[in-house]
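Peer 1: This is a predicted model, with the sequence first.
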Amino acid sequence: MPVKIRLQRHGKKGKPYYWIVAADTRAKRDGKYLEKLGSYNPNVNPPLIELNIDSSVKWLQNGAQPTHTARNILSYKGVMLKHHLLGGVSKGALTSEEAEVKLTAWMEEKETKIDSKISSLVKEEASKKSKELEAEKLVNKARVDAQVSAVQEAVAAEEAVAAEEAVAAEEAVATEEAPATEEAPAAGEAPATEEAVATKEAPAAEEAPATEEAVATKEAPAAEEAPATEK
């Protein structure tokens with residue numbers, strides 16, 4: 001019976017996770033399987049893989065063929081390397097101890113790389129959060145500054161309106177008092193009025209002699225004409 005090592009889909013829509021199974025090639029993708037070998041969760045970074053290495057190697061030795069994605073997962077966990085080393089042991093190319101040492105060294109190196117990647121991802125995440133926090137602080141500060149500026153502008157506008165109203169009130173009061181202030185000089189104009197009266201009366205006084213002269217002038221011919229009558 002041909003067997004494949006493949007992924008069987010589970011999980012919610014948009015957030016899938018997979019079982020790694022050994023199944024008959026004639027079975028449906030998500031149907032019955034012969035053995036569950038592990039799981040694969042791609043929703044985290046780095047992806048979380050749990051795998052039974054010995055069972056996976058056993059199925060490979062029995063002729064099971066992994067799919068492309070399943071092969072990458074098996075290679076990532078060292079299953080393909082162990083299968084290759086055990087093939088060398090069966091052929092006498094190396095001993096079991098040598099194969100175990102090589103596998104252990106490879107696994108340690110792989111774990112170091114994984115830990116380094118996780119550490120770098122943690123630092124990147126911390127840096128990202130720090131930048132987001134700083135950006136949020138700047139946004140909040142800008143919002144507060146805008147609110148303070150708006151309040152100051154409102155207060156300044158109110159003060160300007162109050163000042164304009166005060167000036168208008170003062171002008172109104174000054175306008176009401178202005179006629180009384182202008183009438184005051186009328187008392188001081190009394191001398192000017194007396195002078196005007198004197199000026200008006202002066203021609204009458206000057207005209208008096210002129211009148212007497214005119215009378216004398218008119219009477220003079222009458223006096224001269226009197227002797228002519230006697231002759």
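Peer 2: Happy to help now that I have it.

Peer 1: List the contacts of the residue minimising distance to the centre of the chain.
Peer 2: The centroid of the chain falls nearest to residue 139 when counting by C-alpha atoms, centre = their mean (4.7 Å). Contacts for residue 139 (C-beta atoms under 8 Å, 6 or more residues apart in numbering) come out as none. Heads up, the C-betas are built off the backbone N, CA and C, glycines and all.

Peer 1: Mind telling me what element it is part of?
Peer 2: Under the criterion of DSSP states H and E, residue 139 resides in helix 96-183.

Peer 1: Give me the residues contacting stretch 31-43.
Peer 2: Contact with stretch 31-43 is made by 3, 5, 7-8, 15-24, 27, 47-52, 55-56, 59, 73, as judged by C-beta under 8 Å, 6+ apart.

Peer 1: Distance-wise, check residue 2 relative to residue 91.
Peer 2: Noted for residue 2: a distance of 25 Å to residue 91, by C-beta to C-beta, to the nearest Å.

Peer 1: For the protein, give me the ranges with low pLDDT.
Peer 2: Counting by pLDDT under 70, the chain has low-confidence residues at 178-231.

Peer 1: what's next to stretch 13-24, contact-wise?
Peer 2: For stretch 13-24, using C-beta under 8 Å, 6+ apart, the contacting residues are 1-11, 31-43, 51, 56, 59, 64, 70, 73.

Peer 1: List the buried residues of that stretch.
Peer 2: 17, 18, 19, 20, 21, 22, 23 (16 or more other C-beta atoms under 10 Å).

Peer 1: if I look at residue 176, how far off is residue 166?
Peer 2: In this view, residue 176 and residue 166 are 16 Å apart by C-beta to C-beta.

Peer 1: same check, this time on residue 127
Peer 2: Distance, residue 127 to residue 166, by C-beta to C-beta: 58 Å.

Peer 1: Now residue 2. Nearest residue, chain neighbours left out?
Peer 2: residue 25 (4.6 Å; C-beta to C-beta, 6 or more residues apart in numbering).

Peer 1: which residues touch that neighbour?
Peer 2: Contacts for residue 25 (C-beta under 8 Å, 6+ apart) come out as 2, 3, 4.

Peer 1: Just the buried ones from these?
Peer 2: Neighbour counting by 16+ other C-beta under 10 Å classes 3, 4 among the contacts of residue 25 as buried.

Peer 1: Relative to residue 95, which of the contacts of residue 25 is nearest.
Peer 2: residue 3 (29.7 Å; C-beta to C-beta).
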